[in-house]
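**Q** Sequence plus predicted model, see below.
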Amino acid sequence: MSTDVLIDLLQIIMLTLTTVVVMLVAGFKREHGLVNVLTTAGLAASLLVFVFVDPVLPLQATELLYFDEYSLFFSALITLGALSVSILAYPYFESHNSHNEEFYILLMTATLGAVVLACSTHFVSFFIGMEMLGVSLYAMIAYPVHAEKSAKFPLEAALKYLIMSGLTSGLMLFGIALIYALTGTMFFNEISPAIEAQDLASSPVIIAAWLMIISAVAFKLSLVPFHIWTPDVYEGAPVPVTAYLATVSKAAMLAVTLRLLLISDAFQYEALMLVLTVMAAASMLLGNLLALLQSNVKRLMAYSSIAHLGYLLIVIIAAASIPGILSVESMGFYVAAYFIMSLGGFAVISAISNSGKELDMISDYQGLFWRNPWLASVMITVLFSLAGIPLTAGFMGKFYVFTNGLQGSLWFLLTMLIIGSAIGLYYYLRIIYAILQQPGKISKQDPAMQAIPFGTHAVLGSMTAIIIYLGVYPMPMINILQSLAAAF
Amino acid sequence: MNVDLFPLVLYSVIVIVLIVALTAVSHLLGQKRKDHATDEVYESGMLSVGSAQLKISVPFYLTAILFIIFDLEAVFLFAWAISIRETGWLGYAEVFIFIAILIAGLVYLWRAGALEWRSQRQRDDRLHTIGKSGVVNIDKKTGKAHKTEQPKQGGAH
């Protein structure tokens, strides 16, 4: 192992070190503030590693991890998400729970799993990363179960996630086993040559294997028809965990899936493309339609995330017929934009909630603009961006998706995208309407009028700034993405 | 081989008829009493105490899971041990890190009280009745072990 490998591994080493330190400190000194500061500092330090350490790229570090600009981009995004969640979690848990320290250990292990996913080009690291992320998330979702009046149904949500997730892990393993049985390799890039060499492309077993893997991925990405857990888990989990689930877990899974599909040449199977097309169309339509019926903001965000992942699937499907560079670039942009918007939205919900009481009904946001203009403006920016209004990151993302769809001539999916976005506009604007209405009675105990901690302000401010920056001047981001996409 | 099954069938039918008949006749003709001792165990046994639905202590589960963790460690170490020459110092360093992280986990569990057989509440109760110096505090009036102060809620690991 050379020094180059160690430098590339530095981000993972930083995260692991933070996990162990946080665990030991939690054992010896139970102090929420201290543990939170350590976790945040550890995450910030590993984020700084990205900026100051110039890694040797691309590099295979051990058989399992592969470092290139693509994996670094997604790792940085994941670490940024974890950092924000850690900052949001402190005021959320501080007031009501007694044993908060373990939450940060789980947060760190989940982040480690997500980073492993982003660096994975091998089925073993794919599975390890997925499980590390999943197992930590079960416990994180159920975390406030001891609080008297916690988030409504954390245990139910965690059990649902556990059972469904266990099932899909099984499916995934079965798929991996079938592919390994036929090709004798677990490296993504060796699958396609092995299949060609043995002329297996039309074998039903290989298609079954791919379908199993895609179903497992679709579950984690909550694509219709594997979306049933999403609204319940989003609603039941405490807000910081919902934010984590909506951003980090999805981004990591998308990163590894796009890489897997691109470099293992899975687009040659027509059955697989048909399944993906049906899932994309159903996700866009059902996600947006069901979101219309929601009165709970967290559930609404869940359905909106189903719809957004449907949009993203267009990019993945289009990758079959357009150059890989454009699809990686588009996907990177959309994921980053969605990541930032979701974090901003959940940061607002988190700012007026705590583990004792969560304000997540649309009616709770009535007149927010008059009670707390700052929070309201952030929320409105986020919602505009989610709806894809120009001058926001969401618009640029949707523009990319549209370009991909046009280049790949996916007319059916583009129609669905337009219908979905039109429906989407309605329910996003419904929340904005509620925010701008006159408030009923303003009480002094109104959580929206309490002082918001500095950290939450920082998260809210930076997310809003990034949304607008990416919408107005996306060139620097596009340049980064183009350079990392050049490898594909 | 042709076995004549008729005797067996007849035997089974007779058994069933006999049982049904005996139960039915005793149900119809027998006394129906509901006394103090009717439902008690009367033969060569002690009177039962408490419910049959025992609460099994969680530490059993904990012991099992700890056993599995360290068993797994042994499995990994075994794989390393047979390839110790091939993996060299790098392998040694990796195994060292692996064990160090496991030990850190053990230290955490220890501190968090996972290795204690008694629950936090039982520990508090015991402390209050026996006291730190081992003296049992008996309340003179009630004759029971006496509690000096309310047990602390949670915390204090």
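**A** Alright, I've got the coordinates. This is a predicted model, so every value here is computed, not measured. Numbers count the residues shown, from 1 in each chain, chains lettered A, B, ... in the order given.

**Q** okay, now the domains of chain B?
**A** B:59-111, B:121-157 (automatic domain parsing).

**Q** Worst mean pLDDT among those domains?
**A** Least confidently modelled of the domains of chain B is domain B:121-157, at a mean of 59 by mean pLDDT.

**Q** Which secondary structure state is assigned to the residue in the stretch 301-450 of chain A that chain B sits nearest to?
**A** The nearest approach of the stretch 301-450 of chain A to chain B comes at A:S355, 15.4 Å away (C-beta to the nearest C-beta). The C-beta positions use only the backbone N, C-alpha and C, and glycine is treated the same way. Here A:S355 is recorded as coil under DSSP: H, G, I helix; E, B strand; the rest coil.

**Q** Test my guess that it contacts A:F93.
**A** Yes. Assessed by C-beta atoms under 8 Å, A:S355 is found in contact with A:F93 at 5.4 Å.

**Q** where do the contact lists of the two overlap?
**A** A:144, A:238 (C-beta atoms under 8 Å, 6 or more residues apart in numbering or on different chains).

**Q** Any residues of the stretch 301-450 of chain A in contact with chain B? List them.
**A** Applying C-beta under 8 Å from any C-beta of the partner chain, one finds that the stretch 301-450 of chain A does not approach chain B at all.

**Q** Give me the phi and psi for A:M361.
**A** phi -90, psi 150 (degrees, to the nearest 10).

**Q** how close does it sit to A:F73?
**A** From A:M361 across to A:F73, the span is 36 Å (C-beta to C-beta, to the nearest Å).

**Q** Would you mind telling me which of these two has the busier surroundings?
**A** A:F73 (22 against 15; other C-beta atoms under 10 Å in any protein chain shown).

**Q** The more buried one sits in which helix or strand?
**A** helix A:69-94 (DSSP states H and E).

**Q** Can you name the residue of chain B nearest to chain A?
**A** Closest point on chain B to chain A, by C-beta to the nearest C-beta, is B:R111, at 3.5 Å.

**Q** Name the nearest residue to that residue, sequence neighbours excluded.
**A** A:G27 (3.5 Å; C-beta to C-beta, 6 or more residues apart in numbering or on different chains).

**Q** what's the helix or strand for the one you found?
**A** helix A:3-28.

**Q** I'd like the next helix or strand past that helix.
**A** Using DSSP H and E, the first helix or strand after helix A:3-28 is helix A:32-52.

**Q** Quick one: mean pLDDT for that next one?
**A** Taken as a whole, helix A:32-52 has a mean pLDDT of 91.

**Q** Quick one: mean pLDDT for the helix or strand that it is followed by?
**A** The helix or strand immediately downstream of helix A:32-52 is strand A:59-61, counting by DSSP H and E. Strand A:59-61 carries an average pLDDT of 85.

**Q** In this model A:P231 seems to touch A:A302, though I could be wrong.
**A** Yes. In this structure A:A302 lies within contact range of A:P231 using C-beta under 8 Å: 4.2 Å.

**Q** between these two, who's got more neighbours?
**A** The residue with more neighbours, out of A:A302 and A:P231, is A:A302; 26 against 23, by other C-beta under 10 Å.

**Q** and the next element down the chain from the helix or strand hosting that one?
**A** In the assignment (DSSP H and E), A:A302 maps to helix A:297-318. The helix or strand immediately downstream of helix A:297-318 is helix A:324-351, counting by DSSP H and E.

**Q** quick one: that following helix to helix A:69-94, angle?
**A** Relative orientation of helix A:324-351 versus helix A:69-94 (axes from the mean of the first three to the mean of the last three C-alpha atoms, to 10 degrees): 10 degrees.

**Q** by contact count, what packs against helix A:324-351?
**A** On a contact count with 3 or more C-beta pairs under 8 Å, 6 or more residues apart in numbering or on different chains; DSSP states H and E, helix A:324-351 meets helix A:69-94, helix A:239-244, helix A:250-263, helix A:297-318, helix A:373-387, helix A:393-407, helix A:454-472, helix A:475-485.

**Q** among those helices, which is nearest A:V205?
**A** helix A:250-263 (18.1 Å; C-beta to C-beta).

**Q** tilt between the closest one and helix A:324-351?
**A** Using the same axes, to 10 degrees: helix A:250-263 against helix A:324-351 is 170 degrees.

**Q** any idea of the mean pLDDT in helix A:250-263?
**A** Throughout helix A:250-263, pLDDT has a mean value of 93.

**Q** same deal with stretch A:69-84?
**A** Here the average pLDDT along stretch A:69-84 is 94.

**Q** can you check stretch A:330-349 too?
**A** 95.

**Q** thinking again about what came up before, how much space separates the residue of chain B closest to chain A from A:L137?
**A** From B:R111 to A:L137 the distance is 25 Å (C-beta to C-beta).
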